[in-house]
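Colleague: here is my input, please return the structure:
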Amino acid sequence: MKKFILIAATAFVSLASFANVDPITGKVLESFRTEFADAKNVQWKSLDEAGLFQATFNYRNTELSAFYDADGALVATARYIDKANLPIMVSKAIQERYPEHVMKNVIEHNANGATTYHVTLHGVKSSMIVSASPSGNLSIFKKIKNKL
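Modeller: All right, here's what the predicted structure looks like:
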């Protein structure tokens, strides 16, 4: 019996010492499970610099990322979408402003009730990520000169 108690105590101490390694709190997990009950293949990452937790997962045949604060509040979601699914005003604005660039990737980002599209554009001299509102307002998020 003493041996059993010793093993149980050792196991408890071991588990308790590793409990702080998992960055995901109960509130975050509970909120995620409520919001995305059918999620599959969930992978968590702590974004320490932003104070957020990111879950990347499959949900209804789409890969999503959900971002939570430490209190379990859903802060934002993001997913890749097909460039054909961009709002027409976004596509039009990009074609007019950056005709020499080709659209490669599109991320739809939802936060605070607003949707933003992050579009990766490739050109001969430069590549960039452009942020766009659904109405077609554009701003350069990041620009990179291509190596020749």
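
Colleague: in the protein, where is pLDDT below threshold?
Modeller: 1-23, 148 (pLDDT under 70).

Colleague: for residue 69, name its beta-bridge partners.
Modeller: On the basis of DSSP bridges, residue 69 is bridged to residue 52.

Colleague: from here on, count from 367
Modeller: Sounds good: first residue 367 from here, last item residue 435.

Colleague: who's in contact with it?
Modeller: Contact analysis of residue 435 by Cβ atoms under 8 Å, 6 or more residues apart in numbering lists 417, 418, 419, 441. Bear in mind the C-beta positions are built from the backbone N, C-alpha and C, glycine included.

Colleague: could you list every residue that touches the closest residue to residue 469 other than its chain neighbours?
Modeller: Sequence neighbours aside, residue 449 is the residue nearest to residue 469 in space, at 4.7 Å (criterion: Cβ to Cβ, 6 or more residues apart in numbering). For residue 449, the contacting residues are 457, 469, 472, 485, by Cβ under 8 Å, 6+ apart.

Colleague: burial check on residue 472, number of neighbours?
Modeller: Look at residue 472: counted by other Cβ atoms under 10 Å, it has 20 neighbours.

Colleague: would you confirm that it contacts residue 445?
Modeller: No - assessed by Cβ atoms under 8 Å, residue 472 is found out of contact with residue 445, at 9.6 Å.
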